[in-house]
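Visitor: below are the sequence and a predicted model for it; my questions follow.
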Amino acid sequence: MQIGIYKPFKKIYFHDDRLDTANWSSEITKTAKIFADNDNEVFILSDTDYDGSIDGIHRGKLNCKYDRILFFNGLIERDKHGSRILEMLNNISPRVDFMISDMGLINHSIANFNKIYTQSPIIAYNGLPELQLYGHNFQKLTTDTILNKTIPYSFGGTERNRTKDFIEYVWRHNCCVNGKSDFLRFRDKITRDEFLITQDLTRYSICISDVNYNKIGFITARYYENIMHDIVNFVDYKYDKYEHCLAHDDWRRVHNFIELQNKMNFLEAHPDEHLKILQMQRKEIKPTMLTGKYTYDLLRE
């Protein structure tokens, strides 16, 4: 099949993603790769730095026909084609599917799409959070993995629509914060490569979510990103209500910062238990997540 991919307003980086502070490119480039891996021809219809170096992936044009288009949500009103883009895409393909990776960016009618994929396991789950694992190779896990980490506790992300949890878990003296908060009036966003370095050096982090995400069990890639970097993945009790990632009674679920701090203190005093948690997290990762088959099987339907 010939698959077109479009995201409004944003440039898609295949090579130098330092300007991609919100990681919007990764979910698209990896989606393109898993479709190309499965004998599809993929065409990037958005602005991109792609240079044609990957078999099966091409720069596309909006005046060509495609069997199917995957539309990743974004700021349509700021796109160079504006709201006309949806009509343009429907004119060049009989099937245009909506990929929702950010609920805050849905500011248009969804009636123009054939199928809607989300990050809630009860509403046509798209598998994009797991796609972050595509191509990842875990290194040997030893006590040095823990000892080489120099940042005890970190969090990367914005306050957006989760102010209460942001203040509870993140705005703490011992948390290395990279992000922004309008309520707390700070902005300390870093480039993608700098964020990955921070992840490699971090021992513990917390998954919190937008209050609207929590209501429908809409999860994000951060859970799997933390596991990739061997970070003990603490999760607020409201996150992932349908237990897609972890059970409600998982030890890593916490209700407040005091509980989180007590558990971090316990693991600091018991490195063997710390290592067991990291080993357990790795076992959550299925081989099909690393090859992309897990996500591809969801999206080819």
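Guide: Cool, got the structure.
Visitor: residues touching the nearest residue to Gln119 once chain neighbours are set aside, list them.
Guide: If you skip the residues right next to it in sequence, Gln119 has Phe218 as its closest partner in space, 5.0 Å away by CB to CB, 6 or more residues apart in numbering. To be clear about C-beta, it is placed using only N, CA and C from the backbone, and glycine gets the same treatment. Taking CB atoms under 8 Å, 6 or more residues apart in numbering as the definition of contact, the neighbours of Phe218 are 103, 118-120, 209-210, 212.
Visitor: so how far is Asn23 from Phe218?
Guide: For Phe218, the distance to Asn23 equals 16 Å [CB to CB, to the nearest Å].
Visitor: what does Arg95 give?
Guide: Taking CB to CB as the criterion, Arg95 is separated from Asn23 by 27 Å.
Visitor: so for the two, which sits in the more crowded spot?
Guide: Neighbours per residue (other CB atoms under 10 Å) separate Arg95 from Asn23, with Asn23 holding more: 18 against 15.
Visitor: I'd assumed Asp193 was in contact with that one.
Guide: No. Look at Asn23 against Asp193 with CB atoms under 8 Å: they stay out of range, at 11.5 Å.
Visitor: please enumerate the helices of the protein.
Guide: In order along the chain, the chain carries the following helices (DSSP state H): 24-37, 84-92, 128-131, 143-147, 163-165, 192-201, 211-216, 222-228, 257-269, 271-283, 287-291, 293-299.
Visitor: so which of the ones you listed is the most surrounded?
Guide: Relative to the other members of these, helix 128-131 carries the highest mean neighbour count by mean count of other CB atoms under 10 Å, namely a mean of 25.
Visitor: contacts for that one?
Guide: 27, 30-31, 34, 99, 101, 119, 219-221, 223-224, 245, 289, 292, 294-295.
Visitor: so what are the domain limits for this protein?
Guide: Using automatic domain parsing, the domains assigned to the chain come out as 2-134+291-299, 143-284.
Visitor: TSV for those, including mean pLDDT?
Guide: Shown next, in TSV, are those (pLDDT from 0 to 100):
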stretch	mean pLDDT
domain 2-134+291-299	94
domain 143-284	96
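Visitor: need the residue closest to the centroid of the chain.
Guide: Central residue of the chain (CA atoms, centre = their mean): Ala221, 2.9 Å from the mean position.
Visitor: separation between that one and Ser154?
Guide: On the measure of CB to CB, Ala221 and Ser154 end up 16 Å apart.
Visitor: same deal with Tyr239?
Guide: Distance check for Tyr239 against Ser154: by CB to CB, it reads 17 Å.
Visitor: before we move on, back to that, my guess is the residue nearest to the centre of the chain meets Trp24, correct?
Guide: No. Here Ala221 lies out of contact with Trp24, judged by CB under 8 Å, at a distance of 11.0 Å.
Visitor: which neighbours do these two have in common?
Guide: Contact criterion CB under 8 Å, 6+ apart; residues shared by Ala221 and Trp24: none found.
Visitor: gap between the two ends of stretch 113-124?
Guide: Across its full length, stretch 113-124 reaches 14 Å between end residues, using CA to CA, to the nearest Å.
Visitor: next, the buried residues of it.
Guide: Of the residues in stretch 113-124, those with enough neighbours to count as buried (16 or more other CB atoms under 10 Å) are 113, 117-121, 124.
Visitor: just these: which are in strands?
Guide: With strands taken from DSSP state E, the overlap with the buried residues of stretch 113-124 comprises Tyr117.
Visitor: quick check: the closest residue to Thr150 other than its chain neighbours vs Asn91, distance?
Guide: If you skip the residues right next to it in sequence, Thr150 has Leu201 as its closest partner in space, 5.2 Å away by CB to CB, 6+ apart. For Leu201, the distance to Asn91 equals 49 Å [CB to CB].
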